[in-house]
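S.K.: Predicted model, plus sequence, below.
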Amino acid sequence: MQLFDTHTHLDAPQFDEDREEVIARALASGVSKMINIGFNRETIPTTMQLAEKYDYIYAAVGWHPQDAITMKDGDLEWIASLCSHPKVVAIGEIGLDYYWDTSPKDVQHEVFRKQIGLARELKMPICIHNRDAHEDVIRILREEKAGEVGGVMHSFSGSWESAKMCLDLGFHLSFGGPITFKNARVPKEVLAQTPLDRLLIETDSPYLTPHPFRGKRNETAHVRLVAEAAAEIKGIDLQELAEITYANALERFGIV
């Protein structure tokens, strides 16, 4: 069985003491590919280092909405230059975050729009971060014609109505640890209705740890727990869920 963790942060400082062991546990759990996310001036270089060191780790590079206010002239060109690297498969994570008050909304909007424009120019899929900003994220995706390149709604947490709008734009929906939580009614209902050919799984490690490890550090090996929960919700066996989501990720990110 092959699993694909489409969103992880293995370069995070939480892994500094045992990164090699964390990666080994992921491989032992059946994870054969993973995408590490470089989302600001500090994590883009460390993400690229991981992607260059390990054959099975790919990179997404972009500017996170929480860090939007730190984006300077030249950073968009830097991202563009990295997109020619064979291991860079997406621009992201990009989007809007109205939960953390770290960057003004107008700055977030500008940075988001610029990166969608870059993705369209380079014909790269995008990885979307959306926290408490469903309406504005979908509006900007539409206005900037993001459907031309599509991408992934990372750790999707919206309603089925929002999900349908994202699916109509050509996006895949990715689910993580929250679908294992007993009280997570909405993401389970949305996943149940998501077409299998538009479904992806992820960990967002070291965050969003699935049950029964909730409250502890998450790691990529736990994507298997996400896959088990998703298979149960979809009413299919784990092997089939793994095969479908693995194939979806290869196709979505153009990995051969």
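M.R.: Perfect, thanks for sending it.
S.K.: What are the contacting residues of the longest helix along the chain?
M.R.: The longest helix of the chain (DSSP state H) is helix 105-122. Where contact means Cβ atoms under 8 Å, 6 or more residues apart in numbering, the residues beyond helix 105-122 that reach it are 62-63, 65, 68-69, 71, 76, 79-80, 83, 91, 94-98, 103, 124-126, 136, 140-141, 143-146, 148-149, 151. For glycine as for every other residue, the C-beta is placed from the backbone atoms N, C-alpha and C.
S.K.: Residue 219 against residue 203, yeah?
M.R.: Yes. With contact defined as Cβ atoms under 8 Å, residue 219 and residue 203 form a contacting pair (7.0 Å).
S.K.: neighbours around residue 63, how many?
M.R.: A count of nearby residues for residue 63, using other Cβ atoms under 10 Å, gives 28.
S.K.: I'd like to know how far the closest residue in space to it that isn't next to it in sequence sits from residue 3.
M.R.: Nearest residue to residue 63 in three dimensions, chain neighbours excluded: residue 71, at 5.0 Å (Cβ to Cβ, 6 or more residues apart in numbering). Counting by Cβ to Cβ, to the nearest Å, the gap from residue 71 to residue 3 is 33 Å.
S.K.: Pull out the buried members of the contacts of helix 105-122.
M.R.: Buried members of these, scored by 16 or more other Cβ atoms under 10 Å, are 62-63, 65, 68, 71, 76, 79-80, 83, 91, 94-97, 103, 124-126, 136, 140-141, 144, 146, 149, 151.
S.K.: What about the residues you listed, which are in strands?
M.R.: Using DSSP state E, the subset of the buried ones among the contacts of helix 105-122 located in strands is 91, 94-97, 126, 151.
S.K.: In JSON lines: those, plus distance to residue 51 and pLDDT.
M.R.: Formatted as JSON lines, those follow (distance: Cβ to Cβ, whole Å; pLDDT from 0 to 100):
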{"residue": "91", "distance to residue 51": "14", "pLDDT": "98"}
{"residue": "94", "distance to residue 51": "18", "pLDDT": "98"}
{"residue": "95", "distance to residue 51": "22", "pLDDT": "98"}
{"residue": "96", "distance to residue 51": "26", "pLDDT": "98"}
{"residue": "97", "distance to residue 51": "25", "pLDDT": "98"}
{"residue": "126", "distance to residue 51": "18", "pLDDT": "98"}
{"residue": "151", "distance to residue 51": "18", "pLDDT": "98"}
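S.K.: for those residues, which one is nearest residue 12?
M.R.: Among these, residue 97 lies closest to residue 12 (Cβ to Cβ), at 17.4 Å.
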